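Novice: got a structure for you, letters missing:
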């Protein structure tokens, strides 16, 4: 059993790789919902949608939203109703938001809704939201506190990040199935997602973090930091603001005490010895997933690497 | 002061005429909300929208919805999420539904929302929904009870109408301003809308009907029935099922005790004497509003006719 924690754009590519990997039958993905928020009364779950659209082959090449998207609803909002549309709501994407919101108002849980959407979209990979409780990642800045989506899109990541608050996490329950899947897992993977606002919110549920710590599974992170930066998103500047080294070593610092291994890109080979010296198993490979083949290949390599750590640990125990 | 009761397609053409008439400053329109319902958790107010889009010059030539509409959200609903989309939800139209629903959930009243939409759409005519309470026109048929929109669209008017129920009307309050406007009015007009499901629901609020009965205003209906049929909609077949004569005389029967005058089309000139004999003032004119000029002309004629009835009544009283 393989459990993967993932966020949006970067994470979804790895998840797509897992879905076509040799191990697809064994994979459960727990998705960050700390980005979730409401616009015009519609509940929006950005990371779930990115993963679903990616897995269903519907994703726009920009990494979020539907391909071949139109913005006719939004243009009426903007041009006739004079509304600030800083968060793009495509016409096709809106179907998901309206449908999900409608089901949530009938007290159907995000977990059940996600399962239903997966079925409708022909996705067989098991996807769980991290929680059915409302958790919001707030970015504290010198200008005040902003929801992560506001920080990211409306304010274009221009603020200095002083602190990240996972509002609601302390008392939130994991989605049904999450703790069971952690307990069953032989391998736990952290997708190459933003540690602070994609994986961090999932780990901010104390019971999830504890369960991972106590798990017998090997825990492996794929570094989202490559050559001192990120492929997409604000992880690098957020880490810098938070005084976390923008490198695979910084990723290991952030996940302190959780990891058995880390997967780094060829471009970061120079970190190999340092990471080994810190007691981690290290896989150096290509982590740039610019094709479906590379996504699948990385997923297979990461799972095999984690399996290898496990075998090694078992041998040591004998 | 001129108060007009109106429904959707037919009524909105007359309302459009009033908005460009000599009397536009003096007009308040009370719109039927008995058609209102929810789809996918969105509150939809068909008759208000038809009137707003018509007044703003945004209406599709079919008589409802936006011109140059697209259906990309709905196609996702249908094709990906396997939903029954019997009620067409255009992408542009959805902006109105989402916006209104969002405001309603903030406990802003339909009256206030309608006012705001009018301002945003540059509509200066005063528009009031008949009520802020939920009223639903249900059509009782041999197959069961259906919301009017289901009867009209989903079931394509194929059922025999046994009874019409204005659910919620008995205890509903008129929108703020409606009773005041009735009291102030010198002229009350019933637009050429479906009597049973457009004007009927408004009159189904007992206080509205009483206020009109007690009003000093002259009450004039424009017959929606021309030459034994309707221009659009199910009024003729519904009247037939309900044993109401499908003619201007049937309209007078339905509005019994309320009217001082009626406006009929040239094609129904043969009813002139009968209607006069029943004590009504009768204007025979062209009521087919197939151009903006004809809409305006009819509106001007109807108001002048009502004024004339008033002058005549005053003279008789002297």
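Specialist: Happy to help now that I have it. None of these values were measured; they are calculated from a predicted model. Numbers count the residues shown, from 1 in each chain, chains lettered A, B, ... in the order given.
Novice: Near chain B, which residues of chain A? Just list them.
Specialist: A:40-42, A:66, A:70, A:72-77, A:80-83, A:91-92, A:94-96, A:98-99, A:101-102, A:105, A:117, A:120-121 (C-beta under 8 Å from any C-beta of the partner chain). From N, CA and C alone the C-beta is placed, and that goes for glycine too.
Novice: Now intersect those residues with the strands, please.
Specialist: Those of the residues of chain A next to chain B mapping onto strands are residue A:42, per DSSP state E.
Novice: Tell me which of the residues of chain A next to chain B fall in helices.
Specialist: A:72-77, A:91-92, A:94-96, A:98-99, A:101-102, A:105, A:117, A:120 (DSSP state H).
Novice: What segments of chain A are strands?
Specialist: For chain A, applying DSSP E gives strands covering A:2-6, A:27-31, A:37-39, A:42-44, A:126-129, A:136-141, A:144-147, A:163-167, A:187-190, A:218-222, A:261-265, A:281-285.
Novice: burial of the closest residue in space to residue A:216 that isn't next to it in sequence, as a residue count?
Specialist: Nearest non-adjacent residue to residue A:216, counting by C-beta to C-beta, 6 or more residues apart in numbering or on different chains: residue A:186, 7.6 Å away. Residue A:186 has 16 neighbouring residues, counting by other C-beta atoms under 10 Å in any protein chain shown.
Novice: what residues are up against residue A:186?
Specialist: Residues counted as contacts of residue A:186 (C-beta atoms under 8 Å, 6 or more residues apart in numbering or on different chains) are A:1-2, A:216-218, A:307, A:310.
Novice: ChimeraX command to pick out the buried ones of these?
Specialist: Remark: buried members of these, expressed as a ChimeraX selection using 16 or more other C-beta atoms under 10 Å in any protein chain shown:
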select /A:1,2,217,218,307,310
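Novice: Do I have it right that residue A:201 meets residue A:33?
Specialist: Yes - between residue A:201 and residue A:33 there is a contact at 7.4 Å, judged by C-beta atoms under 8 Å.
Novice: For the residue in the stretch 101-250 of chain A that chain B sits nearest to, list the residues it contacts.
Specialist: Using C-beta to the nearest C-beta, the closest approach of the stretch 101-250 of chain A to chain B is made by residue A:102 at 3.7 Å. With contact set as C-beta under 8 Å, 6+ apart, residue A:102 has these partners: B:40-41.
Novice: how close does it sit to residue B:33?
Specialist: 21 Å (C-beta to C-beta, to the nearest Å).
Novice: Please apply the same query to residue A:231.
Specialist: Residue A:231 is 52 Å from residue B:33, where distance means C-beta to C-beta.
Novice: between these two, which one's more packed in?
Specialist: Taking other C-beta under 10 Å, residue A:231 and residue B:33 do not tie; residue B:33 has more neighbours (27 against 17).
Novice: Surely the more buried one is in contact with residue B:110?
Specialist: Yes - Residue B:33 lies in contact with residue B:110 (C-beta under 8 Å); the separation is 6.9 Å.
Novice: shared neighbours of these two, anything?
Specialist: Listed as contacting both residue B:33 and residue B:110 by C-beta under 8 Å, 6+ apart are B:45, B:48, B:129, B:131.
Novice: Without its sequence neighbours, what residue ends up closest to the last one?
Specialist: When the adjacent residues along the chain are set aside, residue B:131 lies closest to residue B:172, with 4.7 Å between them (C-beta to C-beta, 6+ apart).
Novice: How about the contacts made by the one you found?
Specialist: Contact analysis of residue B:172 by C-beta under 8 Å, 6+ apart lists B:131, B:133-135, B:205.
Novice: Show me what the closest residue in space to residue A:148 that isn't next to it in sequence bridges to in the sheet.
Specialist: Leaving aside its chain neighbours, residue A:148 sits nearest to residue A:137 (4.2 Å; criterion: C-beta to C-beta, 6+ apart). Per DSSP bridges, the residues bridged to residue A:137 are residue A:166.
Novice: In contact with residue A:137, which residues?
Specialist: Per C-beta under 8 Å, 6+ apart, neighbours of residue A:137: A:34-35, A:147-148, A:164-167, A:197, A:200-201.
Novice: repeat that for 7 Å
Specialist: Residues in contact with residue A:137 (C-beta atoms under 7 Å, 6 or more residues apart in numbering or on different chains) are A:34-35, A:148, A:164, A:166, A:197, A:201.
Novice: Local confidence estimate at it?
Specialist: On pLDDT, residue A:137 comes in at 98.
Novice: Near residue A:30, how many other residues are there?
Specialist: 26.
Novice: So it sits against residue A:131, correct?
Specialist: No - contact criterion C-beta atoms under 7 Å: residue A:30 and residue A:131 do not qualify, at 9.4 Å.
Novice: which residues of chain A score low on pLDDT?
Specialist: For chain A, applying pLDDT under 70 flags the ranges A:317-318.
Novice: biggest helix in it by residues?
Specialist: In chain A, taking DSSP H as the definition, the longest helix is helix A:292-317.
Novice: elements contacting that one?
Specialist: Using 3 or more C-beta pairs under 7 Å, 6 or more residues apart in numbering or on different chains; DSSP states H and E as the contact test, the elements touching helix A:292-317 are helix A:9-19, strand A:187-190, strand A:218-222, strand A:261-265, strand A:281-285.
Novice: residues in contact with the shortest one?
Specialist: Outside of strand A:187-190, the residues within contact range by C-beta under 7 Å, 6+ apart are A:2-5, A:182, A:199, A:212, A:215, A:217-222, A:255, A:302-303, A:306.
Novice: got a list of what residue A:39 touches?
Specialist: A:87, A:89.
Novice: how close does it get to residue A:73?
Specialist: 12 Å.
Novice: okay, and the common contacts of these two?
Specialist: Taking C-beta under 7 Å, 6+ apart as the criterion, residue A:39 and residue A:73 both touch residue A:89.
Novice: residue ranges of the helices in the stretch 151-300 of chain A, please?
Specialist: Listed in chain order, the helices of the stretch 151-300 of chain A (DSSP state H, counting those that start in this stretch) span A:178-184, A:200-203, A:206-214, A:235-241, A:248-254, A:272-277, A:292-317.
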